[in-house]
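# from the sequence below, what's the structure:
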Amino acid sequence: MTDISIRRDGLNLAASVHGSRDAQPILLLHGHSLSRDTWDEIARRLCDCHQVWTLDFHGHGHSDHAPSYQFADYVADAEAMLRVLAKPPVVVGHSLGACVAGVLAQSPHLNLRGAFLEDPPWFLGEETEWQRSVFPKLFPIVAAQQASLQQENAPLAAYVAFVSNAPSPKGGVASDHIGPRQLLSHASALQRQDNRCWASIGSLLAPIPTNGEFRCPTRILQADPGLGAALLDGHEARLARANPRAEIVRYSGAGHGIHRERAFEEKFFADLMTFLSAIPA
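Here you go, the predicted structure:
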């Protein structure tokens, strides 16, 4: 793995690359409040046959903080990353990163080879759909606790305790379902994230052109709507009407962070490999 820095409108964005430069590239995009190392396990397993890139969105991980955290800014981060790649990539995204990947897949100016979207909050820019989700209750709690810990200059262990003991929609607490390495990654991401990222979260997704068509092969993973999914019941039908060629797979029993859950990480990886193998080189 090699860590690099790329520039976007005066900002330094942190990224990493795994594998050979001669291999087909894959770009992995993280969700809100996470960072690029949420993909470490996936990247290590992919890099034998792919060139794998991971990116910290601005305000996250090791990337610069910024005055603006609008959806277009996150898309611009990813576009800056794409300009570094030597070949058209497959873009894989989780949550916010899945929405960014989906918008990139709609662009007539980009030549993506495919898009793999993990539980995208595709329709949560609509106020009625946002209110149907778990996020209006969950996000203020996380934002407030993060602000408190950052103000106290709390050690990483305090963030680990917070994410590990958070109640899970699946029952119990997060550490019952997510492994220690992923919990540490999330804790570190919360410690580094600019708390101002939360200010626009309710309206962040409104600009997504939800009726647009994906212009490359696309697979969409839907977490269990009863367990905190961002792609709610009925959203898969709306996506299918706009994109009849996209494949939508529901993960019954999975929470929003499918790739992070011990019970589903192998299934996630197998589905990703099946998708990648079907895309022409």
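
# now do His235 against Leu204, distance only.
17 Å (C-beta to C-beta, to the nearest Å). No exception for glycine: its C-beta is placed from N, CA and C like everyone else's.

# Arg181 now?
In terms of C-beta to C-beta, Arg181 sits 28 Å off from Leu204.

# same check, this time on Asp119
From Asp119 over to Leu204 (counting by C-beta to C-beta), the distance is 16 Å.

# which residues does stretch 63-71 contact?
11-14, 55-59, 73, 77, 99-100, 194, 196-197, 199-200, 204-208 (C-beta atoms under 8 Å, 6 or more residues apart in numbering).

# now, which of the residues you listed lie within strands?
Leu11, Asn12, Leu13, Ala14, Leu55 (DSSP state E).

# now flag whichever of the residues you listed is closest to Arg215.
Comparing those against Arg215 with C-beta to C-beta places Leu55 closest, at 21.3 Å.

# quick one, grab the pLDDT at that closest one.
Leu55 is assigned a predicted lDDT (pLDDT) of 98.

# contact partners for it?
Applying C-beta under 8 Å, 6+ apart, we find Leu55 in contact with Leu13, Ala14, Ala15, Leu27, Leu28, Leu29, His30, Arg36, Ser63, Asp77, Ala78, Met81.

# hmm, back to that, same list, the ones in strands among the contacts of stretch 63-71, but as JSON lines with distance to Pro155 please.
Compiled in JSON lines, the ones in strands among the contacts of stretch 63-71 are given as follows (distance: C-beta to C-beta, whole Å):
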{"residue": "Leu11", "distance to Pro155": "28"}
{"residue": "Asn12", "distance to Pro155": "26"}
{"residue": "Leu13", "distance to Pro155": "27"}
{"residue": "Ala14", "distance to Pro155": "22"}
{"residue": "Leu55", "distance to Pro155": "27"}
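
# for Leu110, the count of nearby residues, please.
17 (other C-beta atoms under 10 Å).

# three-state assignment of the residue nearest to it when sequence neighbours are not counted?
Nearest residue to Leu110 in three dimensions, chain neighbours excluded: Leu104, at 5.7 Å (C-beta to C-beta, 6 or more residues apart in numbering). At Leu104 the chain is in helix, as set by DSSP: H, G, I helix; E, B strand; the rest coil.

# likewise Glu79?
Going by three-state DSSP: Glu79 is helix.

# that one is in contact with Ala101, isn't it?
No: with contact defined as C-beta atoms under 8 Å, Glu79 and Ala101 do not form a contacting pair (11.6 Å).

# the two - which one has more neighbours?
Comparing Glu79 with Ala101 by neighbour count (other C-beta under 10 Å), the higher total belongs to Ala101, at 29 against 16.

# surely the more buried one is in contact with Ser95?
No: assessed by C-beta under 8 Å, Ala101 is found out of contact with Ser95, at 10.4 Å.

# name the residues contacting each of those two.
Common neighbours of Ala101 and Ser95 (C-beta under 8 Å, 6+ apart) are Pro120.

# just the buried residues from the ones in strands among the contacts of stretch 63-71, in PyMOL please.
Per 16 or more other C-beta atoms under 10 Å, the buried members of the ones in strands among the contacts of stretch 63-71 correspond to this PyMOL selection:
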select buried, resi 11+13+14+55
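
# in the stretch 1-150 of the chain, which spans are helices?
Assigned by DSSP state H, counting those that start in this stretch, the stretch 1-150 of the chain shows helices spanning 40-46, 71-82, 96-106, 127-132, 135-151.
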